[in-house]
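**Student:** Output the structure for:
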Amino acid sequence: MSSLAVSVPFNASLSANPWAVLPPLGNLDAYISAVNRLPMLTLEQEQEFAKKLKENNDLGAAGKLILSHLRLVVSISRQYAGYGLPHADLIQEGNVGLMKAVKRFDPEHGVRLVSYAMHWIKAEIHEYIIKNWRMVKLATTKAQRKLFFNLRSMKQGFRADAGEDHDAALKNTLSETQIDSVAKQLNVKREEVKEMEARMAVAMCCWIRLQAMMAMKLSALLPIWLIPTTNQPP
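**Tutor:** All right, here's what the predicted structure looks like:
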């Protein structure tokens with residue numbers, strides 16, 4: 001993909017398919033490089049294209065709005081790199097959110113598309129993570145799966161014997177004696193028990209965070225007409 005192919009000015013003719021001027025996401029580095037070279041829209045251009053889309057269903061205008069905000073998707077998708085999912089897939093889902101935002105964007109409410117689109121982009125990425133992230137992926141061998149499925153219940157048993165409540169059983173770490181007991185009962189190494197406990201703790205934190213983000217999804221997708229036009233995503 002030449003630099004000329006991704007440097008088309010927005011007052012020039014452009015296909016209604018915005019992806020036609022970009023490398024495929026399979027070549028991630030080239031895609032990101034191309035996206036970062038795409039020109040940004042001025043407020044006047046954004047208003048013009050948004051009105052054409054709203055009033056005339058101008059797909060060419062929609063394509064220009066999408067192209068100018070693809071770098072926003074790349075930026076937001078990087079915030080979710082810690083969930084173990086391919087960056088290209090996160091970008092793809094974010095692009096879906098961007099397209100939904102462009103379709104619903106109303107320029108008459110005085111909000112820049114960048115402020116409106118970020119909520120749709122994040123919501124689509126959140127949905128993708130929820131569908132694809134599973135705690136059981138922590139366990140890859142038969143012994144690890146056995147340890148994974150038994151460690152939680154054994155921790156609860158230890159805490160119940162000590163008179164502690166259910167929540168404490170999940171939050172507290174095992175003592176050295178308890179680690180020895182788990183390792184012996186499940187026929188695994190002490191180091192494997194400690195590692196799995198640590199990984200499960202991290203996974204649970206991620207799961208709680210994702211649930212909280214999903215709980216915020218509906219409110220995030222409500223109309224944000226009161227947000228000043230100077231507000232930009234972090």
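**Student:** Excluding chain neighbours, what is closest to A201?
**Tutor:** Here the nearest residue to A201 in space, its sequence neighbours aside, is T173; by Cβ to Cβ, 6 or more residues apart in numbering that works out to 7.8 Å. Any C-beta I mention is one placed from the backbone N, CA and C, and that applies to glycine too.
**Student:** Buried by neighbour count: which residues of the host helix or strand of L65 qualify?
**Tutor:** With elements taken from DSSP states H and E, the one containing L65 is helix 59-67. Using 16 or more other Cβ atoms under 10 Å as the burial criterion, the residues of helix 59-67 that qualify are 60-67.
**Student:** same deal with stretch 102-116?
**Tutor:** Buried positions in stretch 102-116, judged by neighbour count with 16+ other Cβ under 10 Å: 102, 105, 107, 111-116.
**Student:** go on, stretch 84-91?
**Tutor:** For stretch 84-91, a neighbour-count test (16+ other Cβ under 10 Å) marks 85, 88, 90-91 as buried.
**Student:** from those residues, which single one is nearest R78?
**Tutor:** For R78, the closest of the buried residues of stretch 84-91 turns out to be L90, at 8.3 Å, with distances computed as Cβ to Cβ.
**Student:** Tell me the pLDDT of the closest one.
**Tutor:** In the prediction, the pLDDT value recorded for L90 is 93.
**Student:** same question, E197
**Tutor:** The per-residue pLDDT reported for E197 equals 85.
**Student:** Wait, it touches R152, no?
**Tutor:** No: look at E197 against R152 with Cβ atoms under 8 Å: they stay out of range, at 9.6 Å.
**Student:** Who has more neighbours out of the two?
**Tutor:** Per other Cβ atoms under 10 Å, whichever of E197 and R152 has more neighbours is E197, with 18 against 15.
**Student:** The more buried one: what's it in contact with?
**Tutor:** Residues near E197 by Cβ atoms under 8 Å, 6 or more residues apart in numbering: 151, 155, 173-174.
**Student:** Report the secondary structure element holding it.
**Tutor:** Using DSSP H and E, E197 sits in helix 190-215.
**Student:** for this structure, which spans come out with low pLDDT?
**Tutor:** For the chain, the stretches with pLDDT under 70 are 1-16, 133-140, 162-172, 204, 206-234.
**Student:** can you list the domain ranges for this structure.
**Tutor:** Dividing the chain into domains by automatic domain parsing, as the record does, gives the ranges 3-133, 135-213.
**Student:** So which of those is the most surrounded?
**Tutor:** The highest mean neighbour count among the domains of the chain belongs to domain 3-133 (a mean of 17), with neighbours defined as mean count of other Cβ atoms under 10 Å.
**Student:** how about the closest residue to G63 other than its chain neighbours, what does it touch?
**Tutor:** Ranked by Cβ to Cβ, 6+ apart and with sequence neighbours excluded, the top spatial neighbour of G63 is P18, at 4.0 Å. The neighbours of P18, taking Cβ under 8 Å, 6+ apart as the test, are 62-64, 66-67, 70.
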